[in-house]
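Student: How does the following fold in three dimensions:
(one chain, ligands or ions: 2)
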Amino acid sequence: MKTLKDYEKELSKCSKCGQCQIACPIYKLTKNDCTVSRGKFLMLHGVTQKELKLSQNINKYLDMCLKCGKCKDFCPAGIDALEIINCAKYEYMKNTVLSKLINFFQSRFVFSNILKIGKLIFHHSKQDIIRTKALRMTECEESPDNAKQNCLSVIYFKGCVNQIFPNTDKYLSKIFKNSGIKILSPDFDCCGLPFLSEGNMKRFEQAAKINIEKLNADYDYLVTDCASCESTLLSYGKYFECNITLKKTLNWGDIIALKGLKFEFKKPVKVTFHKPCHLKSDAFFEKIISNCTNITYVKMDDYDECCGFAGSFALKNRGLSKEISKNKALNIQNTDADYVITSCPACILGLKQGLQLIKNKKTKVVSLLEFLAMAEKIN
Ligand code: SF4
Ligand code: SF4
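Tutor: Ligands and ions are numbered 1, 2, ... in the order given. Below is the predicted model of the structure:
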């Protein structure tokens, strides 16, 4: 496990050019250098030089980050702010009383039981779950229309939100019925992002190791419909020694585009798309829309700007979170869309928050899978 000291060289690469200020959604609102990577790096460099103490005040600025990674894309030195901020958070939290409480709630036993309670509350019936799982697991072999060689074997990393809400399974069953996709859905642990964000590195490493073990299987693609889970899975090697090369990791949108599925909608509908910060590529979206009848796509301004939610950021920085969500919602409203579609369960919350704040009752927020499953005909 790396320590802040290991990033000393990386921190000293910052030339103070200020390019990150142009990209950072927080800096755009606060105009405070401590809220963007340049200022955070300056403070953390002071910590590594023993000129500053990793104080509560510095921790406040560490928490004032959406982990959107936009600053890295703009940084001429290519400094990975997320990696450094997450490590600093770990260093700060490790000896605090609060960390003991967080560690308890995030422990595997407590965390998995919280998910189980969520499942009990939201699953319609146990029978529903079993039926959906069985259908999906046998689609590939049973489909008479698909030759075996056309069959794709994918591992679905559901993520915690989809564990609780059962509908995603139903959307997948409808979309991929007879399309020659074999979906394996092992019992993964959380991707680890909530642990990483709270500096709970031990639990993060535990979750990562459990997940890596489950990925030791025969499959073509690792698929998610949560951009944050995907980017976290791909980040394991940054934080600790990990000798796994994940097979191609894709979003469900990529698989739908790859398969060239066609969707018939009877009534004309106008849609817009929000690109989650952690989504690698959104190229699938326009491909899918071009295979839909009766759908008009209107691209919103700043469609790839953060929704403002970002997990615990929204709880710790209510004012900033609302402001960013509101700006996003105004861009959505300007498109006059019936639906805003996205590929991340956390973004759904951020988009809903924004639309509620501007009292927009017209535009519904949906995941890509939910939207496509509304089609009258899929082939
Ligand atoms: S990750 Fe995003 S919010 Fe955090 S400092 Fe970089 S640009 Fe700003
Ligand atoms: S863009 Fe990179 S090098 Fe420039 S100030 Fe920001 S962190 Fe430093």
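Student: List the residues that contact the residue of the stretch 101-250 of the chain found nearest ligand 2.
Tutor: Ligand 2 sits closest to residue 238 of the stretch 101-250 of the chain, with a gap of 17.3 Å, by CB to the nearest ligand atom. Yep, even glycine has a C-beta here, placed from its N, CA and C like the rest. Residue 238 sits next to 80, 83 when contact means CB atoms under 8 Å, 6 or more residues apart in numbering.
Student: Let's see that with 7 Å instead.
Tutor: Residue 238 is in contact with residue 83, counting by CB atoms under 7 Å, 6 or more residues apart in numbering.
Student: Surely it is in a helix?
Tutor: Yes: membership of residue 238 in a helix is supported by DSSP: H, G, I helix; E, B strand; the rest coil.
Student: gap between it and residue 271?
Tutor: 35 Å (CB to CB, to the nearest Å).
Student: do residue 295 as well
Tutor: Taking CB to CB as the criterion, residue 295 is separated from residue 271 by 6 Å.
Student: Over to residue 368?
Tutor: Summarising the geometry, the distance separating residue 368 from residue 271, computed by CB to CB, is 10 Å.
Student: Between those two, which contacts overlap?
Tutor: Common contact partners of residue 368 and residue 271 (CB under 7 Å, 6+ apart): residue 341.
Student: May I see the buried residues of stretch 96-103?
Tutor: Neighbour-count burial for stretch 96-103, counted by 16 or more other CB atoms under 10 Å, picks out 99, 102-103.
Student: Spatially nearest residue to the residue nearest the centre of the chain, not counting backbone neighbours?
Tutor: In the chain, the C-alpha closest to the average C-alpha coordinate belongs to residue 228, at a distance of 1.9 Å (CA atoms, centre = their mean). Setting aside the residues directly before and after it, residue 228 is nearest to residue 278 in space (CB to CB, 6 or more residues apart in numbering), at 5.0 Å.
Student: List the residues that contact the one you found.
Tutor: With CB under 7 Å, 6+ apart as the criterion, the residues that contact residue 278 are 227-228, 230-231.
Student: Per-residue pLDDT of it, please?
Tutor: In this model, residue 278 is scored at 93, pLDDT.
Student: Could you pull up phi and psi at it?
Tutor: For residue 278, the backbone dihedrals (degrees, to the nearest 10) come out as phi -90, psi 0.
Student: gap between it and ligand 2?
Tutor: Note on residue 278: its distance to ligand 2, by CB to the nearest ligand atom, to the nearest Å, is 19 Å.
Student: for residue 252, same thing?
Tutor: According to CB to the nearest ligand atom, residue 252 and ligand 2 sit 33 Å apart.
Student: Wait, that residue touches residue 225, no?
Tutor: Yes: here residue 252 lies in contact with residue 225, judged by CB atoms under 7 Å, at a distance of 4.6 Å.
Student: Of the two, which one has the most company?
Tutor: For residue 252 and residue 225, the more surrounded residue by other CB atoms under 10 Å is residue 225, and the numbers stand at 27 against 24.
Student: give me every residue that touches that one.
Tutor: 168, 251-252, 343, 367-369.
Student: And those, which two are furthest apart?
Tutor: 168 and 251 (13.0 Å; CB to CB).
Student: where does residue 250 land on pLDDT?
Tutor: The predicted local confidence for residue 250 is 91.
Student: same question, the one 3 residues further on
Tutor: The predicted local distance difference test score for residue 253 is 96.
Student: Let's have the buried residues of stretch 96-103 in a markdown table, adding secondary structure, distance to ligand 1 and pLDDT.
Tutor: Converted to a markdown table, the buried residues of stretch 96-103 look like this (DSSP: H, G, I helix; E, B strand; the rest coil; distance: CB to the nearest ligand atom, whole Å; pLDDT from 0 to 100):
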| residue | secondary structure | distance to ligand 1 | pLDDT |
| --- | --- | --- | --- |
| 99 | helix | 22 | 86 |
| 102 | helix | 21 | 87 |
| 103 | helix | 24 | 86 |
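Student: Just name the shakiest helix or strand of this structure by mean pLDDT.
Tutor: Evaluated with mean pLDDT, DSSP states H and E, the helix-and-strand set of the chain has its lowest mean pLDDT in helix 126-142, which scores a mean of 43.
Student: Sheet partners, orientation included, of the helix or strand following that helix?
Tutor: Along the chain past helix 126-142, the next helix or strand (assigned with DSSP states H and E) turns out to be strand 152-156. The strands beside strand 152-156 in its sheet (DSSP bridges) come out as strand 181-184 (parallel), strand 221-224 (parallel).
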